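Engineer: From the sequence below, what's the structure:
(chains A and B)
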Amino acid sequence: MKRSSLFPYVIWMTLFIVVPMFLVLYYAFTVPTDTGATWSLENFHRFFEPIYLRVLGRSLRLAVISTVICFVIGYPAAMVMAGNAFSRKNVILLLFVVPMWMNFLLRTYAWLTLLERNGVINVLLTSLRLPRLNILYTESAVVLGMVYNFLPFMVLPIYSVLSKIDKGVIEAAGDLGANSFRVFTKVVFPLSLPGVVSGVTMVFMPALTTFVISRLLGGGQFTLIGNLIEQQFLVVGDWGFGSAISVVMIVLILLSMAIMSFFEGEEKSVALW
Amino acid sequence: MSEIIVDLKSVSKVYDETVALDGINLYIRKNEFVTLLGPSGCGKTTTLRLIGGFEQPTEGKILFEGKDISTLPPYKRRVNTVFQRYALFSHLDVFENIAFGLRIKKLSEKVIQEKVGKMLEQVNLTGFEKRDVNSLSGGQQQRVAIARALVNEPEVLLLDEPLAALDLKLRREMQHELKSMQKQLGITFVFVTHDQEEALSMSDTVVVMKDGRIQQIGTPVDIYNEPTNSFVADFIGESNIVDGIMRKDFLVDFGGSSFDCVDKGFGADEPVDVVIRPEDLVLIPAENAKLTGTVSSVTFLGVHYEMLVEADDGISWLVHSTLMEPVGTRVGLGLEPMDIHIMRKVSAG
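Structural biologist: Numbers count the residues shown, from 1 in each chain, chains lettered A, B, ... in the order given. Okay, the predicted model is just below:
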């Protein structure tokens, strides 16, 4: 591609990514004064107060839990779909993808009506004379919402890596004396790590920063870091503090991506087991 | 003769209606170099996969040292395979690829180092231990695949067209190396190929297959000189195959004349296929020959010329000779009784 044809993209990225990033950094590292603004770390100081650290801790915890659940559900699903034996794999694949065609908010609202005190699930449970399920506006509901919304992002990359693994490699491992468990731990799983890494990344990042799921399904009782940022900008109007939290988030995300790429690189030489 | 190690007893394999193997019987002796030879789709790879345990026979039994292993999974068989596409583990380096089987057996690190080191030496890859397998050339990957299988000291090594992806020169080199490795290690090799030259030059025994059936089993010399039917004759080397009629024992009619031959046991006046190797036809003066024709094309092939001689009755004879007659010359073709191979007509295909 010619250099000049990159020009529109460079403009686009400058306008909508680079400039906003610098604005965020500017607001984060300044405090307003009567005459304008001065450089200061005050916004960051504030973030390290216990009340905000607790929010960060909760966000991290829920994001990790959701990611782990997505992995535990997603990996076997991806394996089933990638396996030869299963003839309906396209149907399953479609079932994972179809919800993604619908609006994210709509899907989350749907859970609201499902989980309500007199919602579909509870009506069903009571009619079966079973105890009601009261998880709406709890952490469980938030985690459920995250898992539901982000599961495809775990399944699809793992599926695509698994389905590309040469069947000959699996046969070769069996030929060399590995039973099916060993074939999985020594060959299939290590070879699928790039998919796992991108799946984990694609679930963990949005789970860490979501504010819609926690507001709708958490009923506003569970302030996550995303809610905090949203509040600072839209409710409190403290752009400086909001920007500082955003910078912390960016650092956290870059850090976790660095850790991820470390695993991805290691996968070449060391099997996890 | 050494003892039988692998024994296939009327083995059939059917994949959703398609018959890949149709009741084959084949035994393989210890330390033998056996080649399964045939066109694609003849069942040779299926046979190999059945011995390796990747497929199970639909019918029949596979015995290994006398014990039925038909349903035993691959990891329980004392057999290793070199795959056509090598199937190396791309997440492991050269050393770990070769050590894979040994690590599964949980051998001590010292033994593994020693065995893998020796194996690397054997396949001329010393110093490549830490290399990424994807960075190796085709020939080197091939060597890793062979080393990875051989390091487990299998009783039988299965090789599925292992040289198909290599260029001609490298293939020749590997043929020699494989053959000498087999002799040196005293391991039974079962080698699958569609390359008849490869089969003839490497094997102790050649098994010619077609459409899921064995056509002939024999030494390379037997297969070449005494093909049992016109398919084998045609597949192994080049042949002239013409219609003939067996008048009585040791006398056959074809090309408008009667010829003495060395075959017997056919019915009187039975229609047969007459097979004559191009190199067995000798150019002689037309006046004292039973077969005559006109040279219609000449191709120089290095060691010899390949000529087509059109006979008056429409048969065109393929002749290999170090002597050349120009196009348009009328020639005679001479041949010895022992060079005439008589074969029963194969009904349909």
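Engineer: Does B:S180 belong to a helix, a strand or coil?
Structural biologist: Three-state call for B:S180 (DSSP: H, G, I helix; E, B strand; the rest coil): helix.
Engineer: dump the residue contacts of residue 175.
Structural biologist: No chain specified, so I'll use chain A. A:D175 makes contact with B:52-54, B:74-75, B:79-81, B:149 under the criterion Cβ atoms under 8 Å, 6 or more residues apart in numbering or on different chains. Heads up, the C-betas are built off the backbone N, CA and C, glycines and all.
Engineer: wrong one, I was asking about chain B
Structural biologist: Going by Cβ under 8 Å, 6+ apart, the list of residues near B:Q175 reads B:163, B:198, B:201-202.
Engineer: for B:I5, same thing?
Structural biologist: B:28-30, B:64-65, B:155-156, B:188.
Engineer: same thing but 6 Å
Structural biologist: B:28, B:30, B:65, B:188 (Cβ atoms under 6 Å, 6 or more residues apart in numbering or on different chains).
Engineer: and the helix or strand it falls within, which strands flank it?
Structural biologist: Assigned by DSSP states H and E, B:I5 belongs to strand B:4-15. Note on strand B:4-15: by DSSP bridges, its sheet partners are strand B:18-29 (antiparallel), strand B:59-64 (antiparallel).
Engineer: Touching the longest one from outside, list them.
Structural biologist: Counting by Cβ under 6 Å, 6+ apart, strand B:18-29 makes contact with B:2, B:4-8, B:10-13, B:34, B:43, B:46, B:212-214, all of which sit outside it.
Engineer: cool, the shortest one as well?
Structural biologist: Under the contact criterion Cβ under 6 Å, 6+ apart, strand B:59-64 has outside partners B:6-12, B:68-70.
Engineer: what pLDDT, on average, does it get?
Structural biologist: With pLDDT averaged residue by residue, strand B:59-64 scores 94.
Engineer: and it, which residues are buried?
Structural biologist: Of all the residues in strand B:59-64, those buried under the rule 16 or more other Cβ atoms under 10 Å in any protein chain shown are B:60, B:62-64.
Engineer: now the contacts of strand B:59-64: which count as buried?
Structural biologist: By neighbour count, with 16+ other Cβ under 10 Å, the contacts of strand B:59-64 hold B:6-9, B:11-12, B:69-70 as buried.
Engineer: for these, which one is nearest chain A?
Structural biologist: Nearest to chain A out of the buried ones among the contacts of strand B:59-64 is B:I69 (Cβ to the nearest Cβ; 13.9 Å).
Engineer: who does the residue lying closest to that closest one once chain neighbours are set aside bridge with?
Structural biologist: Spatially, and ignoring its direct neighbours in sequence, B:I69 is nearest to B:I62 (5.6 Å; Cβ to Cβ, 6 or more residues apart in numbering or on different chains). Here B:I62 sits in beta bridges with B:L8, going by DSSP bridges.
Engineer: Show me where the stretch 101-250 of chain B has its strands.
Structural biologist: Counting by DSSP state E, counting those that start in this stretch, the stretch 101-250 of chain B has strands at residues B:156-160, B:188-193, B:205-210, B:213-218, B:240-248.
Engineer: Format the ones you listed as a markdown table; extra columns: mean pLDDT, mean neighbour count and distance to chain A.
Structural biologist: A markdown table is the format used below for the strands of the stretch 101-250 of chain B (pLDDT from 0 to 100; neighbours: other Cβ atoms under 10 Å in any protein chain shown; distance: least, Cβ to the nearest Cβ, whole Å):
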| stretch | mean pLDDT | mean neighbour count | distance to chain A |
| --- | --- | --- | --- |
| strand B:156-160 | 95 | 24 | 9 |
| strand B:188-193 | 95 | 25 | 13 |
| strand B:205-210 | 95 | 24 | 22 |
| strand B:213-218 | 95 | 19 | 25 |
| strand B:240-248 | 91 | 18 | 38 |
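Engineer: can you pick the most crowded of the contacts of B:Q175?
Structural biologist: Within these, most neighbours by other Cβ atoms under 10 Å in any protein chain shown means B:L163, with 25 neighbours.
Engineer: who wins for proximity to A:R107 among the strands of the stretch 101-250 of chain B?
Structural biologist: Among the strands of the stretch 101-250 of chain B, the nearest to A:R107 by Cβ to Cβ is strand B:156-160 (49.3 Å).
Engineer: Would you give the sheet partners of that closest one, along with the direction of each?
Structural biologist: Its sheet considered, strand B:156-160 pairs with strand B:79-82 (parallel), strand B:188-193 (parallel) by DSSP bridges.
Engineer: Export that strand to CSV, keeping only CA atoms.
Structural biologist: What follows is strand B:156-160 as a C-alpha-only set of coordinates in CSV (Å, rounded to 0.1, in the frame of the first residue of the first chain):
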residue,chain,number,x,y,z
VAL,B,156,7.4,-51.5,13.5
LEU,B,157,7.9,-48.1,11.8
LEU,B,158,5.0,-47.0,9.6
LEU,B,159,5.9,-44.4,6.9
ASP,B,160,3.1,-42.7,5.0
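Engineer: so how far is that strand from its chain's centroid?
Structural biologist: Centroid separation between strand B:156-160 and its chain, computed with Cα atoms, centre = their mean, to the nearest Å, is 14 Å.
Engineer: who touches that strand?
Structural biologist: Strand B:156-160 is contacted from outside by B:45, B:48, B:51-52, B:79-84, B:149, B:187-192, using Cβ under 6 Å, 6+ apart.
Engineer: Repeat that for stretch B:335-343.
Structural biologist: B:229-230, B:252, B:259-263, B:272-273, B:275, B:280-281.
Engineer: end-to-end on that stretch?
Structural biologist: Across stretch B:335-343, the terminal residues are separated by 17 Å (Cα to Cα, to the nearest Å).
Engineer: what about the residue sitting nearest the centre point of chain A, helix or strand, and which?
Structural biologist: Against the mean C-alpha coordinate of chain A, by Cα atoms, centre = their mean, the closest residue is A:V203 at 2.5 Å. Assessed by DSSP H and E, A:V203 sits inside helix A:189-209.
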